Each structure stands twice: as structure tokens, then as C-alpha cells.
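Asks: No sequence on hand, only this structure:
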């Protein structure tokens, strides 16, 4: 029982860049969660339901609308999320898939999800490359 509480209290995400550095636990992110996306992805079978914090809300929380995000994964992979995509698609930093927390072995603890089924004409390798999984850091950058 003590182990599970320790895991829950451990930060899973750090946000930094053009803001004061801040870390979040899974539960803190759950309190901020504002968006559900139901979509298919190239890595899952059928429709999946993802819940998390939208990119728009994240930027609004820091009063940084118009900024870009650089999303980093546990394996040092990263991808930039341009402002125009944030405004058009409002991707989510998903912490739950089909009502369950996502473990690292299943692309968790955080997975960037775009509403691919809603915008299937834009379902392409560029968007796929931005769907970073095992996210652990987000850098807020001024738009280039």
C-alpha cells in the first residue's frame, strides 16, 4: 500500500522553458484534465477514448497562448507542437486510455493524442511524429 502512494505522489511531468519550472503528479494532472478525444491511432486497434489536459488549456494556464510546445519523451525523443496545430486540433496530453491509467509499457504515463478520426484527411506521418508517448517534459517556447 505504501508503494502505491509513493508512485502516485511522484511527479510524472515537468514543464519549463518560458515559464517557471513546475512538476506535476498524475493526480494533479487529473485535476487539470479538460478534454476527451475518441479516436483511432496507428498503434491501437479500433476507437480508443483518451482523457487528459488539452494543449490549449496548458498554454492558457501559463498565459502563454501563441507559444509552441516542445514535447520530450523518456527515451529522449522530442517533437515540436506548432501553435497553428494547437489551435486547429487542440491535442491532449492523455493520462488515461479507456478509463485506465497508462503504464510506461503502454505508451504512458502521458501520450500526446491528436483527434485523428475527426481530421482523418490530415492523418499523416507528420502528425504521427508529434504524437509523442512516454512524455516526461514539456518545454514552452516562444513561437519562432
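Replies: Yep, it's here. Bear in mind the structure is a predicted one, so any value in this text is a computation, not a measurement.
Asks: pull the helix or strand with minimum mean pLDDT from the chain.
Replies: helix 2-9 (a mean of 54; mean pLDDT, DSSP states H and E).
Asks: Check which element follows that helix along the chain.
Replies: Where DSSP states H and E defines the elements, the next helix or strand beyond helix 2-9 is strand 11-17.
Asks: now that next one: mean pLDDT?
Replies: Here strand 11-17 scores 96 as its mean pLDDT.
Asks: go on, stretch 108-128?
Replies: 91.
Asks: Okay, buried residues for that stretch please.
Replies: In terms of neighbour count (16 or more other Cβ atoms under 10 Å), stretch 108-128 has its buried residues at 108, 109, 110, 111, 112, 113, 114, 115, 116, 123, 127. Heads up, the C-betas are built off the backbone N, CA and C, glycines and all.
Asks: With stretch 73-80 instead?
Replies: 73, 79.
Asks: about what we covered before: turn the buried residues of stretch 108-128 into JSON lines, including secondary structure and distance to residue 97.
Replies: Output for these, formatted as JSON lines (DSSP: H, G, I helix; E, B strand; the rest coil; distance: Cβ to Cβ, whole Å):
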{"residue": "108", "secondary structure": "coil", "distance to residue 97": "8"}
{"residue": "109", "secondary structure": "coil", "distance to residue 97": "11"}
{"residue": "110", "secondary structure": "coil", "distance to residue 97": "11"}
{"residue": "111", "secondary structure": "strand", "distance to residue 97": "8"}
{"residue": "112", "secondary structure": "strand", "distance to residue 97": "13"}
{"residue": "113", "secondary structure": "strand", "distance to residue 97": "9"}
{"residue": "114", "secondary structure": "coil", "distance to residue 97": "14"}
{"residue": "115", "secondary structure": "coil", "distance to residue 97": "14"}
{"residue": "116", "secondary structure": "coil", "distance to residue 97": "14"}
{"residue": "123", "secondary structure": "coil", "distance to residue 97": "18"}
{"residue": "127", "secondary structure": "helix", "distance to residue 97": "18"}
